[in-house]
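Enquirer: model this:
(2 chains)
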2 protein chains.
Amino acid sequence: MIKLGIIGMGSMGAVHAQTIQAGETPEIKLTAIADCSETRRSQALDNLPGVEVFDDNDEMMRSNLCDSVLIATPHYLHPELAIKAFDNGLHVLCEKPAGVYTKQVREMNDAAEKSGLTFAMMFNQRTNSVFRKMKEIVSSGELGSIKRVNWIVTDWYRTQAYYDSGSWRATWKGEGGGVLLNQCPHNLDLLQWICGMPVKIRAFCHVGKWHDIEVEDDVTAYFEYPNGATGVFITSTGDAPGDNRFEITMENGTLIFKGNSLTLRKLLQNEREFCKTSKDGFAQPECEAIIVETDGENPQHTGVLNAFASHILHGTPLIAEGCEGIYSLLLSNAMYLSSWQDKTINIPFDEDLFLQELNKHRGD
Amino acid sequence: MIKLGIIGMGSMGAVHAQTIQAGETPEIKLTAIADCSETRRSQALDNLPGVEVFDDNDEMMRSNLCDSVLIATPHYLHPELAIKAFDNGLHVLCEKPAGVYTKQVREMNDAAEKSGLTFAMMFNQRTNSVFRKMKEIVSSGELGSIKRVNWIVTDWYRTQAYYDSGSWRATWKGEGGGVLLNQCPHNLDLLQWICGMPVKIRAFCHVGKWHDIEVEDDVTAYFEYPNGATGVFITSTGDAPGDNRFEITMENGTLIFKGNSLTLRKLLQNEREFCKTSKDGFAQPECEAIIVETDGENPQHTGVLNAFASHILHGTPLIAEGCEGIYSLLLSNAMYLSSWQDKTINIPFDEDLFLQELNKHRGD
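Expert: Below you'll find the model as predicted:
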């Protein structure tokens, strides 16, 4: 069993604590929690018998009660807390996003590497059987190279009441961004996990378009990949009814994720070959539509927690390596920078410049 | 009856002649055709008994055999031929696109206006009952303002053999563009007809990406509308299987065109009101999906021909006013300019600059 401490008992921290206490993670013992809020500490004392409660995460980390921590604090704190945990010899499971700006996340990744400790990201959507299957099919190469990627994920609807529910919400100082940083880290991680990283991004982030907020709630982004493939990513918290459709067109067919099911429109001949050899100008390669079966398993947060413990105890693979958290943040940081500078951003970009611009936005 | 002459007996000209000869246009008599190709003239002599055949369109226009002309020549010639027809007192029905660059189309529109003659564009897709219904619903205002438009129309697949079938194809000199100018004028016209004109365009036109051609065969374009709504338009002749899905998100619901059927995801409450008044941060306005019924009529080219004749004879409305042909061309011209200049283009843009850039591309 690993002995886990949770830092931050907000909504996600509390959910993880409940999951562990409910016995769903047989190799994890929740030994401690730390939170700066007296209300949340007192709730923890009531709800988590036998778990030590700290008001200071330093003390918890030095208490010898934990060999590992789960970080579920506001975004900005993730890297500094992870670095402190590694300094204390503790394994780290970090909530998404990895941080707010890639410069701080690189420091976290360096500290993780030097420590030799286990470092994992809470990318629970990677456990979804449909996304796992997409990753498997694309990576296998059976459908050839990617030609186009469209992800329209506009089903993150939020009312003004949501944004009014906490003064830190949807602020540059509190969250470090809007829909890209709060709602979309999973989508952006899946996008890069399945399709790889683009080399160019042009994005149009609209600030306070649908809500009275200072950060973006509507984004259209265009990508170019190393092989010349293109993509769009469209998201919003203002669309009702929203949509969630993720399509990947490849040389041998198109994968379509929609409504948590996966369709493959499979070509009977490689399109690139067909295009070059067909004698008929208007002909198309034959195509059959297949509903792709998956193993149906979708263990989500519990799956990430169990894989984290098992990795520490038995060396089995993680769901998401901690150092991979930077990729989704590279995407969202590049989208902000593209909007702020009104131009296309090449990846890698100037991360000092990004931080400078972010600091202007948060009034530092 | 009107007495019509057709200029250009390529694939579309021949189709229109057959339609008229088959008796589908009771108010049109085909009296003459003009074509510079001896082969096509000789085919016309064989297939169109009683129709006068000219090798020179000037002679045909001055022959007194026609009171109107249908222009079905290569794109660049449309404006100059239309202007000549107006000078000869002839009504004009012009094949799409209106021309290649907006500057020449403005001259055509001015000539049409001065002449007082009938001027129509062959935007036959406007006769499709589904697009007519979309136009009707959006224009009625019953769904409120437009918030987002996505048109992914990638079902224009062409093989290399298509492009190799004529040396003028897919050249700046011959056609004046690629997928935007040959395949997409209908889509771009419907887009502006139904949703209005954007004020900003940022486009990424990829030249010879899927085929050995000098013009674009893959385009992603981003729009902004006067009210702040955004849109994307994605097209290609290299996607198989392609898609054709046109979605318009409005305050009271989303219209979705797909597979020539129309779905309305209708909200029971205006989203903008709901967002501001709901007490629940995660609530969404209730929604019902409706298959939208239409009159099912889709008279296409025949409908445009008959409306043209009826307008001249009885003053009834055209399917598409000739002067509206400029809008789809403003869109495609702006997309080229955005790509060439690697920046966002405001509409209206500098049309002299566009022509200058086009001339560079066609080697003038």
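
Enquirer: report pLDDT for A:G363.
Expert: A:G363 is assigned a pLDDT of 89 by the prediction.

Enquirer: wait, it touches A:T171, no?
Expert: No. At 9.8 Å, A:G363 does not count as touching A:T171 under the criterion of Cβ atoms under 8 Å. Where C-beta positions appear, they are placed from N, C-alpha and C, glycine not excepted.

Enquirer: higher neighbour count, the two?
Expert: Counting neighbours by other Cβ atoms under 10 Å in any protein chain shown for A:G363 and for A:T171 shows that A:T171 has the greater number, 19 against 8.

Enquirer: which element is the nearest residue in space to the more buried one that is not next to it in sequence on?
Expert: Distance criterion Cβ to Cβ, 6 or more residues apart in numbering or on different chains; nearest residue to A:T171, sequence neighbours excluded, is A:E214 at 5.9 Å. Assigned by DSSP states H and E, A:E214 belongs to no helix or strand.

Enquirer: from A:G10, how far off is A:E214?
Expert: To A:G10, A:E214 is 21 Å away according to Cβ to Cβ, to the nearest Å.

Enquirer: any idea what A:F223 is structurally, helix, strand or coil?
Expert: Classification of A:F223 by DSSP: H, G, I helix; E, B strand; the rest coil places it in strand.

Enquirer: list the contacts for the residue in the stretch 51-200 of chain A positioned nearest to chain B?
Expert: At 2.9 Å from chain B, A:Y162 is the closest residue in the stretch 51-200 of chain A, using Cβ to the nearest Cβ. Applying Cβ atoms under 8 Å, 6 or more residues apart in numbering or on different chains, we find A:Y162 in contact with A:R169, B:G281, B:F282.

Enquirer: over to A:D342?
Expert: A:D342 makes contact with B:T344, according to Cβ under 8 Å, 6+ apart.

Enquirer: pretty sure A:L330 contacts A:I345?
Expert: No. A:L330 is beyond contact range of A:I345, at 10.0 Å (criterion: Cβ under 8 Å).

Enquirer: quick one: the spatially closest residue to A:N109 that is not a sequence neighbour and chain B, what's the gap?
Expert: Once flanking residues are discounted, A:N109 sits nearest to A:C323: 4.5 Å by Cβ to Cβ, 6+ apart. Here the criterion is Cβ to the nearest Cβ, to the nearest Å. By it, A:C323 lies 31 Å from chain B.

Enquirer: which ones are touching A:C323?
Expert: By Cβ under 8 Å, 6+ apart, A:C323 lies in contact with A:N109, A:A112, A:E113, A:F119.

Enquirer: and if you look at A:G178?
Expert: A:G178 sits next to A:A170, A:C205, A:V207, A:I213, A:V215, A:E216, A:D217, A:T237 when contact means Cβ under 8 Å, 6+ apart.

Enquirer: do A:T254 as well
Expert: A:E247, A:I248, A:L264, A:R265, B:D239, B:P241, B:D243 are the contacts of A:T254 under Cβ under 8 Å, 6+ apart.

Enquirer: that one - that's part of a strand, no?
Expert: Yes. A:T254 forms part of a strand when assessed by three-state DSSP.

Enquirer: what's across from it in the sheet?
Expert: A:T254 forms beta bridges with A:T249, A:R265, as assigned by DSSP bridges.

Enquirer: need the residues of the stretch 251-364 of chain A near chain B, please.
Expert: Residues of the stretch 251-364 of chain A lying near chain B by Cβ under 8 Å from any Cβ of the partner chain: A:253-254, A:265, A:267, A:271, A:274-276, A:278-285, A:287, A:342-344.

Enquirer: if any of those residues are buried, put those into a ChimeraX selection.
Expert: Those of those that count as buried under 16 or more other Cβ atoms under 10 Å in any protein chain shown are selected in ChimeraX with:
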select /A:253,254,265,267,271,274,275,278,281,283,284,285,287,344
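
Enquirer: which residue is the nearest non-sequential neighbour of A:V207?
Expert: Using Cβ to Cβ, 6+ apart and skipping the chain neighbours, the partner closest in space to A:V207 is A:E216 (5.3 Å).

Enquirer: now do A:L77
Expert: Leaving out its chain neighbours, the residue that sits closest to A:L77 by Cβ to Cβ, 6+ apart is A:I71, at 7.5 Å.

Enquirer: what residues are up against the one you found?
Expert: A:I7, A:G8, A:L77, A:H78, A:L81, A:A82, A:A85, A:V92, A:L93, A:C94, A:E95.

Enquirer: redo those as JSON lines? Include pLDDT and secondary structure.
Expert: Output for those, formatted as JSON lines (pLDDT from 0 to 100; DSSP: H, G, I helix; E, B strand; the rest coil):
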{"residue": "A:I7", "pLDDT": "98", "secondary structure": "strand"}
{"residue": "A:G8", "pLDDT": "97", "secondary structure": "coil"}
{"residue": "A:L77", "pLDDT": "97", "secondary structure": "helix"}
{"residue": "A:H78", "pLDDT": "98", "secondary structure": "helix"}
{"residue": "A:L81", "pLDDT": "98", "secondary structure": "helix"}
{"residue": "A:A82", "pLDDT": "98", "secondary structure": "helix"}
{"residue": "A:A85", "pLDDT": "98", "secondary structure": "helix"}
{"residue": "A:V92", "pLDDT": "98", "secondary structure": "strand"}
{"residue": "A:L93", "pLDDT": "98", "secondary structure": "strand"}
{"residue": "A:C94", "pLDDT": "98", "secondary structure": "strand"}
{"residue": "A:E95", "pLDDT": "97", "secondary structure": "coil"}
